[in-house]
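Engineer: let me see the structure of the following:
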Amino acid sequence: MQPNDYLNQIAPKPPKKPLQNHMVRLGIIGAGLIVLVIILSVVATSISNSRRAPAERLSVRIDTTQTIADESQGTLRSSQLRSLNSDLRLFFTNTKRDIGEPLATVGVTPQSINQSIVTEETSRAEAISQRLEDARLNAVFDRTYAREMAFQLSTVLTLLQEVHAGTSNQSVRDFTDATYENLEPLQAGFENFNETN
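Structural biologist: The predicted model follows:
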C-alpha cells in the first residue's frame, strides 16, 4: 500500500458544505408546502361545492318542475286539479323571480350551476314526463299527475330544508322559509287529491 492511499483512508472526510444541506432542506420544505397548499385548496373547493350543491339542485328542480306543471295544465280534466296546478304555476313564477338574489349571495347563478346537476335533473324530468304520457294514454292522467307532483314537490321541500340548514346567510334563510311556507299547502293539495271529489 502506498503511503498516500493509507493517509487518504484514515484522514477525516471533509465536511459537506452547510449551504448545500440548507438548500436541500429548504427545497424539501418548499415542495411540502406547495403540496399542502394544493391539498387545502382541493378540500376547500370540495367543501364549497358540497354546500352549494343543494342550492344548485333546488334552482334546477324548480325550473324542471315548473316545465312539467306548464305542460300538463291543458291535459288535466279535474277542475280541482286544474285550479291547484294554476296556483302551483303562479308559485313557480313568483319563486323564480325571487330566487336569483338570495342564491347569488352564496355563489349560485344560472351560469355557475354544475352541469352534472342539470343533466341529472333533466333526466329526472324526462322520466316524469314519460310516465305522465303513459298515464294520459291509459286515461289515468289526473291521478298519476297528482301523485307525481306530490312527490316532486316533497323533494323540493326537502331541498329547501337542506339549503336552509346548510347556510348562515340570512337572505337565503328568509327565502327558504317563505318558499317552504308557500309550497307546503300546495304539496298537501296534490297529495290529498281524490278524483272522486
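Engineer: which residue ranges of the protein form helices?
Structural biologist: Remark: helices assigned in the chain by DSSP state H are 3-10, 18-72, 79-104, 115-137, 141-165, 170-191.
Engineer: by contact count, what packs against the last one?
Structural biologist: For helix 170-191, the packing partners by 3 or more CB pairs under 8 Å, 6 or more residues apart in numbering; DSSP states H and E come out as helix 79-104, helix 141-165. C-beta coordinates here come from the backbone N, C-alpha and C atoms, glycine included.
Engineer: buried stuff in that helix?
Structural biologist: Buried residues in helix 170-191, counted by 16 or more other CB atoms under 10 Å: 172, 175, 176, 179, 180, 183, 186, 187, 189, 190.
Engineer: show me what contacts the residue nearest to the second one when sequence neighbours are not counted?
Structural biologist: By that I understand residue 175. Spatial nearest neighbour of residue 175, chain neighbours left out: residue 102 (4.1 Å); criterion: CB to CB, 6 or more residues apart in numbering. Neighbour list for residue 102: 169, 171, 172, 174, 175 [criterion: CB atoms under 8 Å, 6 or more residues apart in numbering].
Engineer: looking at these, spot the one nearest residue 32.
Structural biologist: Nearest to residue 32 among the contacts of residue 102: residue 169, at 35.9 Å, using CB to CB.
Engineer: need phi/psi at the closest one.
Structural biologist: When read as degrees, to the nearest 10, the backbone of residue 169 gives phi -70, psi 120.
Engineer: wait, doesn't it sit right on residue 107?
Structural biologist: No: assessed by CB atoms under 8 Å, residue 169 is found out of contact with residue 107, at 10.3 Å.
Engineer: what's the closest of the helices and strands packed on helix 170-191 to residue 131?
Structural biologist: Using CB to CB, those put helix 141-165 closest to residue 131, at 6.4 Å.
Engineer: what's the closest one packed up against?
Structural biologist: Packing partners of helix 141-165 (3+ CB pairs under 8 Å, 6+ apart): helix 18-72, helix 79-104, helix 115-137, helix 170-191.
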